[in-house]
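**Q** whatever this is, show me its structure:
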Amino acid sequence: MGSSALLPAAQIPPPARDGKTWLDRALDAGITALNVTMGIKGVAQGADDFRAYLHSVHGYLSYFELEPRLLHVQSAADIARAKAEGRLGIVFGCQGLDTKLNGDPALILIMARLGQRIMQLMYNERSSLGSGCLEVVDDGLTEFGRICIREINDCGMVVDMSHAGQKTARDAIELTRGIPIISHANVRSLCDHPRNATNDLLTALADRGGVIGITAFAPFCENERGRPPTIDDMIDHIVYVAERFGIEHVGIGSDMFEGESYVRFERFFRRRYPEIVGQYQIDTVYAEGFGVVDDFAGMPSALARRGFSPCEIRKVLGGNFLRVFETVWG
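**A** Residues are numbered from 1 along each chain as shown. The predicted structure is shown next:
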């Protein structure tokens, strides 16, 4: 969810840790499938156009040929296959459509045929589809945005409202024929951040059977301004959604990006989006206890300590998203 298994442009995996490759760490932590960002937006610098998107696709397709432990997920059955075979499923997602399409919604079908399965409509700013979460005025979906959602529906892909403004996200929930998701965001009632979802939006999402993926990104889950959050602060958001909207509507949207560059973090994210990053540094921007893929191994026990049953834990750790994928991709 905003993550990458292959760093854009450089086409190298995230770095090893303690002598262990990123892929080995992800598999050993029990991760079955990962939603990765295709294109430039959110994970690299440069023009996020269709050519940049195609370079991302080329990189992953090449990686699949070279690394047999990876599996390109194009159906829900592929996730089950990845689990059975001990492989890591890679789901093609994205962050923002506007610049990739350059005004041409016909490219959505091409993206689908290349294996795209999750379409995040917006990034932080206004686009030809609607408003991002940082815009002061959110006028909702544009007509072009509605056209794009119809194309996404017809292509059997999931509509993702992460980074969208609240009205734009509500419009998208109402319009899409499939089950919508918010792949990575938290609860605004617990942390008043523009990237987090209001109760009204969560109600609309749950009413459509949707799922929100709770993230460990520290600015989105801090309980007290200036106090770095822990994994328990992150789980507070999971508990909140489960208790108020139903256990079927919450998952994990880690938003982990271990290959982040200090230079890009400081001169891209902090300079362009200070409201997103806040006071956090590159080494403190994730909640303590859930900042690298290795930490997924401890999530079942962390949820159990908070009172979740084994069945509920399975739903949170992928079951709910899998239900959406089985419906929409089918």
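
**Q** my guess is residue 8 contacts residue 43. True?
**A** Yes. With contact defined as CB atoms under 8 Å, residue 8 reaches residue 43; the gap is 5.6 Å. (Glycine included, C-beta is placed from N, CA and C.)

**Q** quick check: mean pLDDT across stretch 51-58?
**A** Mean pLDDT, computed over stretch 51-58, is 96.

**Q** and for stretch 217-225?
**A** When pLDDT is averaged along stretch 217-225, the result is 93.

**Q** how about the closest residue to residue 151 other than its chain neighbours, secondary structure?
**A** What sits nearest to residue 151 in space, not counting adjacent residues and going by CB to CB, 6 or more residues apart in numbering, is residue 108, at 4.2 Å. Look at residue 108: counting by DSSP: H, G, I helix; E, B strand; the rest coil, its state is helix.

**Q** surely residue 108 touches residue 152?
**A** Yes. Look at residue 108 against residue 152 with CB under 8 Å: they come within range, at 6.1 Å.

**Q** more crowded one of these two?
**A** The residue with more neighbours, out of residue 108 and residue 152, is residue 152; 28 against 24, by other CB atoms under 10 Å.

**Q** which stretches in the stretch 51-200 of the chain count as strands?
**A** With strands called from DSSP state E, counting those that start in this stretch, the stretch 51-200 of the chain shows them at 70-72, 88-93, 118-120, 158-160, 181-182.

**Q** one step back: shared neighbours, residue 108 and residue 152?
**A** residue 119 (CB atoms under 8 Å, 6 or more residues apart in numbering).

**Q** where in the stretch 101-250 of the chain is pLDDT low?
**A** Across the stretch 101-250 of the chain, nothing is flagged by pLDDT under 70.

**Q** show me where it has its helices.
**A** 107-113, 143-154, 166-175, 199-207, 218-221, 231-245 (DSSP state H, counting those that start in this stretch).

**Q** related to what we said a few turns ago, dump the residue contacts of the residue nearest to residue 151.
**A** Per CB under 8 Å, 6+ apart, neighbours of residue 108: 97, 101, 119, 148, 151-152, 155, 157.

**Q** do residue 206 as well
**A** 245-246, 249.

**Q** same thing with residue 233?
**A** Contact analysis of residue 233 by CB under 8 Å, 6+ apart lists 221-223, 287.

**Q** now mean neighbour count and distance to residue 315 too, for the strands of the stretch 51-200 of the chain, in CSV please.
**A** Formatted as CSV, these follow (neighbours: other CB atoms under 10 Å; distance: least, CB to CB, whole Å):
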stretch, mean neighbour count, distance to residue 315
strand 70-72, 19, 23
strand 88-93, 23, 18
strand 118-120, 26, 19
strand 158-160, 27, 17
strand 181-182, 30, 14
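
**Q** narrow the contacts of residue 206 to those that are buried.
**A** The neighbour count (16 or more other CB atoms under 10 Å) marks 245, 249 as buried among the contacts of residue 206.

**Q** which one of the contacts of residue 206 is nearest residue 39?
**A** The shortest approach to residue 39 among these belongs to residue 249, at 27.9 Å (CB to CB).

**Q** span of stretch 110-128 from start to end?
**A** End-to-end distance for stretch 110-128, by CA to CA, to the nearest Å: 19 Å.

**Q** quick one: buried residues of that stretch?
**A** Buried-residue list, stretch 110-128, by 16+ other CB under 10 Å: 111-112, 114-127.

**Q** same question for stretch 161-179.
**A** Using 16+ other CB under 10 Å as the test for burial, stretch 161-179 gives 161-173, 176, 178-179.

**Q** now stretch 102-109
**A** Residues of stretch 102-109 classed as buried by neighbour count (16+ other CB under 10 Å): 105, 107-108.

**Q** and those residues, which is closest to residue 141?
**A** Proximity of the buried residues of stretch 102-109 to residue 141 (CB to CB) peaks at residue 105, which lies at 13.3 Å.
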